[in-house]
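Colleague: next one to model:
(3 chains)
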Amino acid sequence: MTSNVSSGVLVKSPAAKPVRRRLPKLNGRLYVGLSIVSLFILGSLVLPLFSKVDPAAQGTYLKNLPLSAKHVLGTNALGQDIFWFLVAAIRNSLLLGVGVSIGITAISTFLGLSAGFIGGWYERIVVIFIDTFITIPVLPILIVLGALVRGNTSFAIVGVILVCFGWAWNARTIRSMVLSLREREFVNMARFSGASTFDIIYREIFPYVYAYIVVGFINTILFAINTEAALAVIGLSKVQVPTLGSIIFWALNYNALMIGQMAWIVAPIVATVLLFLGLFLTSTGYNELFAERRGVA
Amino acid sequence: MKTILKTVGLNKEYQLGSFPRNVTIKALNNVNLTVESDQPVIISVVGESGSGKTTLAKVILRLVKPNSGEVTIDGHRIVGKGANPDNNEFLRTVQPIFQNPFEAFSRYRTIDTYLVEVATRVAGLGKAEAVAAVEAALAVVGLEYKDVRGKYPNQFSGGELQRASVARALIPHPSLIIADEPVSMIDASRRMIIINLFLALKQETKTSFLYITHDLATAYYISDYIAVMTRGTVVEFGEAKQVLQHPQHDYSRLLLSAIPSLDHKWSDEIAAGKKLAAVTEAAG
Amino acid sequence: MIKLDNVVATYTMQRGQVNAVDGINLEIPTGLILGIAGESGCGKSTLMKVIYGDTGFPLGLSAGSVDYGFENDRREPVTSQNIQKEWFKRISYIPQSSMSSLNPVVRIRHQFTDFPATSRNKAQTLERVRVFVQKLGLPPESIDAYPHELSGGMRQRIMVAMATFLQPEIILADEPTTALDVVVQKEILILLMELQKEMKNTIIFVSHDMGVHYQLTDKMLIMYAAKAAEYANTADIFREPLHPYTLMLTGSLPTIGDDRARQGLPGRPPSLWELPQGCRFAPRCPLATELCRTVEPALAEHRPGRFSACHYADSVPQLQASMRNAPKLSDVAKDTPKRAPQAASALQLDEAGTSAGQREEVAR
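Modeller: Model prediction:
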């Protein structure tokens, strides 16, 4: 078909790279952040394979032993090896954090995307739902609930409660992102190309909220671990289960500082701070990475 | 005689602000346009911002629902009370080209996916035929499939993206393409490539265009008919050359006198003591 | 005379450094309106920033200087080093968007009294302001309003008022009417012309609209890919351009009443990251030869008072004549299968990237 149009050869552009296809070049933050987090994850998953003893069992060892080759961080007033307890604690905290985060991210993404895009009465109902849950203050409710059940709850229930009260904020943000995205011209373009509502949500809108979701996922892990630790420290979680929070609870209860068992209180704090640092760096590192890809950085 | 486009009594109001200080803006005020022809035509709708020309385009594209009135294209009643055309049939009748070529494609999708999608979903073609249709459409606009396969929007210039948009709009062989300010975001020296393309398409693919713009010069160059709009009303409608060279309505005259054209100088006007035409409308 | 002496303005980005203005050497006579024209990525806005003295990271004047042709209060010549102190007094700036320049929560009169040069007596100054804005066609009460209470045209007049109130010698305007309706645009432009006639200052006006340049300006600078392509009186630029890019720019757009076929210019300006050797316009130029592709033409005075950066400046009038004889559009349409006549023969296009040029296009 001949063309009547004045056109030259399409200019080729080797300089500009496509947005998604190549592997991301990690920046400094991501390197450090991911290293720390991977260390924690691998450590907490692999190391327990080497311990034959249940670290939560009390009275396994002599109490309050100092640091030694056998007990890397010593033992505590309950006769537990601090190091192995810490490893188990990190694993449980991470499991809880990741589990809760998956739950929260799934719910908030689904509700946020659908409410923002579909609109109408569906959106109104969801928004009422979201706003109610946002205004409920999480920690006081958890404290009240914790006081009612007084440690008679299972670890899983704690996780479920965290999901129930943590999803609303992200859902709201995603919904507002979708509201502005759906006005953009490429959405109309897709409509006129025959795309269905689902197609548009998944192929046009989702890629733009993807960055937020990834960063949100990591931040939610922080939120979950943090809140559980807060509960545990005041004794309202299942404190027999080793978590970062429960170590601190026991250490405070037994006055670890007074009796000279520094490792007992210092180790979990250091571990918590490091883990949070790793997660934070990963989260901001991804943020930077996505910004770079968009050409904004 | 085919009905290229027919709008009857289109009205659209928007409410701005909240009670009790809300104000009603009439974006479309009883818009009646009828264009019938055996040959494809290019109709321009010209006006300033706020004239309603973009709202008109949105109503015809069914992106916005009017308060009243109806739209008929090529015998299909697509907007109006009870008009509920089958989506695919509608998409095969009318297709848009938008103003901002950089916004027309998602940053995360390659250009060819849009083209293939419209071929398979709207034109209902099988995989192999779709590729052939895409190639044909791209050839018409001066592009090749290999130029767009696997390429993201950020690798193209505005003009190239706009041409890809045109190709996408052509694939379902619509009777009418609505182009909303298609060249205002393209460099001036390259605008004519797209404008000439529209003219060529009118002949080659027998497509009619509704060309929305504030640029009267390109409207003159390209159109058969022109509608001048202001404040939601069509104040003048007729053959383009006629309207633009012998405007009847005051507003059309005002508009024409205000364009910075290359054939006479304002400084001569001022020297000759001519006052600026009724400025109350434009009030500051 | 404002002297631009080999001005090079550089942006420092993550990717590296790029010269958005790459060596401009000009003398601008005072007391006239100079228009700077060019398309996205040509560097005209950057040049304005440099002339205004608004350079701060990531933009820097990496070479050359601007001499403004007057002395400051301490009898020193004013150059790029000390121009900032003269803001509003001797040089001012009218931006494109009034809404982003006016503080939305403050009444306009407060912004007039913000100027450092204004006298201590606020009431007196405000009286003078009220009188002054009437000259610009605004009611004196308009300065008591909030910005959003005024229409776009009125706001832009306020910007013009602020820029001219202290009667500076140089006024820079960067696309001040682009966001306005055509009718309002004409009023603002005529206003500027009248103010210039009265105050006899120099206005440097940037726009991508050639029609506006034709109406408003006395002299024009055409920029392409960070360099000066042509510099001459506006009348000459339109009547007989001496650079092929100028010719394509002025000749490609239609005018009402003219039925000749027009051609666009295929290809796009080179990415400032990957500049071709030789003339930057050569890849798209109908007159380009091997010389053009190897040796970069300097801005030379091919005719008295008319500067062009082209090896074949003298051939451009012939090209213009051939374009004038282009067939009428209706005749072209009849011969559908044939290609519409090109003013140029097969254009070779080189590789060109996107980045800087594209970003400016998007920003526009």
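
Colleague: can you list the residues that contact the lowest-mean-pLDDT helix or strand in chain A?
Modeller: Here the helix or strand of chain A ranked lowest by mean pLDDT, DSSP states H and E is helix A:138-149, holding a mean of 77. By C-beta atoms under 8 Å, 6 or more residues apart in numbering or on different chains, the residues outside helix A:138-149 that reach it are A:153, A:157, A:161, A:162, A:165, A:166, A:227, A:230, A:231, A:234, A:236, A:237. (Glycine included, C-beta is placed from N, CA and C.)

Colleague: same thing but 6 Å
Modeller: A:165, A:231, A:236 (C-beta atoms under 6 Å, 6 or more residues apart in numbering or on different chains).

Colleague: just say helix, strand or coil for residue C:106.
Modeller: coil (DSSP: H, G, I helix; E, B strand; the rest coil).

Colleague: from chain B, how far out is it?
Modeller: 20 Å (C-beta to the nearest C-beta, to the nearest Å).

Colleague: that older thread, could you see whether chain B lies near the very next helix or strand once past the least confident helix or strand of chain A?
Modeller: Later in the chain than helix A:138-149, the nearest helix or strand by DSSP states H and E is helix A:155-181. No. Helix A:155-181 lies apart from chain B when judged by C-beta under 6 Å from any C-beta of the partner chain; the minimum separation is 9.6 Å.

Colleague: partners of the helix or strand containing residue C:5, with directions?
Modeller: Assessed by DSSP H and E, residue C:5 sits inside strand C:2-13. Applying DSSP bridges, strand C:2-13 is found paired with strand C:16-28 (antiparallel), strand C:59-71 (antiparallel).

Colleague: so for it, mean pLDDT?
Modeller: Averaged over strand C:2-13, pLDDT sits at 91.

Colleague: residue contacts, residue C:309?
Modeller: C:229, C:297, C:299.

Colleague: can you map out the helices along chain A?
Modeller: Secondary structure of chain A (DSSP state H): helices at A:28-46, A:82-118, A:120-135, A:138-149, A:155-181, A:185-192, A:197-199, A:206-233, A:244-253, A:262-294.

Colleague: show me what the fifth one is packed against.
Modeller: In this structure, helix A:155-181 makes packing contacts with helix A:82-118, helix A:120-135, helix A:206-233, judged by 3 or more C-beta pairs under 6 Å, 6 or more residues apart in numbering or on different chains; DSSP states H and E.

Colleague: the second one: how far from the chain's middle?
Modeller: So that's helix A:120-135. 24 Å (C-alpha atoms, centre = their mean, to the nearest Å).

Colleague: what residues does that helix touch?
Modeller: A:111, A:115, A:168, A:169, A:171, A:172.

Colleague: burial measure for the second one, as a count.
Modeller: Neighbours of residue A:115 under the rule other C-beta atoms under 10 Å in any protein chain shown: 24.

Colleague: nearest residue to it other than its sequence neighbours?
Modeller: residue A:126 (4.0 Å; C-beta to C-beta, 6 or more residues apart in numbering or on different chains).

Colleague: with mean pLDDT added, can I get the helices and strands packed on helix A:155-181 in TSV?
Modeller: Output for the helices and strands packed on helix A:155-181, formatted as TSV (pLDDT from 0 to 100):
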stretch	mean pLDDT
helix A:82-118	90
helix A:120-135	92
helix A:206-233	86
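
Colleague: wait, a strand at residue B:14?
Modeller: Yes. Assessed by three-state DSSP, residue B:14 belongs to a strand.

Colleague: that one against residue B:26, yeah?
Modeller: No. Using C-beta atoms under 6 Å as the test, residue B:14 is too far from residue B:26 to be in contact (8.2 Å).

Colleague: out of the two, which sits in the busier spot?
Modeller: With neighbours defined as other C-beta under 10 Å, residue B:14 and residue B:26 compare such that residue B:26 has more, 16 against 13.

Colleague: tabulate the helices and strands packed on helix A:155-181 (CSV), appending distance to residue B:70.
Modeller: Listed next are the helices and strands packed on helix A:155-181 as CSV, based on distance: least, C-beta to C-beta, whole Å:
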stretch, distance to residue B:70
helix A:82-118, 27
helix A:120-135, 24
helix A:206-233, 36
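
Colleague: shaky segments in chain B?
Modeller: For chain B, applying pLDDT under 70 flags the ranges B:273-284.

Colleague: what residues does it put near chain A?
Modeller: B:95-96, B:98, B:103-108, B:114, B:117-118, B:121-122, B:136, B:139-140, B:142-143, B:147, B:152, B:154-155, B:197, B:200.

Colleague: from residue A:137, how far off is residue A:219?
Modeller: According to C-beta to C-beta, to the nearest Å, residue A:219 and residue A:137 sit 19 Å apart.

Colleague: the more surrounded of the two?
Modeller: Shown here are residue A:219 and residue A:137; by other C-beta under 10 Å, residue A:219 has more neighbours (17 against 10).

Colleague: I'd like to know how far the nearest residue to that one once chain neighbours are set aside sits from residue A:29.
Modeller: Ranked by C-beta to C-beta, 6+ apart and with sequence neighbours excluded, the top spatial neighbour of residue A:219 is residue A:283, at 5.6 Å. Residue A:283 is 9 Å from residue A:29, where distance means C-beta to C-beta.

Colleague: which of these two has more residues huddled nearby?
Modeller: Remark: of residue A:283 and residue A:29, residue A:283 carries more neighbours, 22 against 18, as counted by other C-beta under 10 Å.

Colleague: export stretch B:155-171 to PDB, keeping only CA atoms.
Modeller: C-alpha atoms of stretch B:155-171 as PDB (Å, rounded to 0.1, in the frame of the first residue of the first chain):
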ATOM      1  CA  GLN B 155      11.600   5.500  22.600                       C
ATOM      2  CA  PHE B 156       9.500   7.600  20.200                       C
ATOM      3  CA  SER B 157       9.000  11.200  19.400                       C
ATOM      4  CA  GLY B 158       5.600  12.800  19.700                       C
ATOM      5  CA  GLY B 159       5.000  12.800  16.000                       C
ATOM      6  CA  GLU B 160       5.800   9.100  15.700                       C
ATOM      7  CA  LEU B 161       3.500   8.200  18.600                       C
ATOM      8  CA  GLN B 162       0.700  10.200  17.100                       C
ATOM      9  CA  ARG B 163       1.200   8.300  13.800                       C
ATOM     10  CA  ALA B 164       1.000   5.100  15.800                       C
ATOM     11  CA  SER B 165      -2.200   6.400  17.400                       C
ATOM     12  CA  VAL B 166      -3.600   7.100  13.900                       C
ATOM     13  CA  ALA B 167      -2.700   3.600  12.800                       C
ATOM     14  CA  ARG B 168      -4.400   2.100  15.800                       C
ATOM     15  CA  ALA B 169      -7.500   4.100  15.100                       C
ATOM     16  CA  LEU B 170      -7.600   3.000  11.500                       C
ATOM     17  CA  ILE B 171      -7.400  -0.800  12.100                       C
END
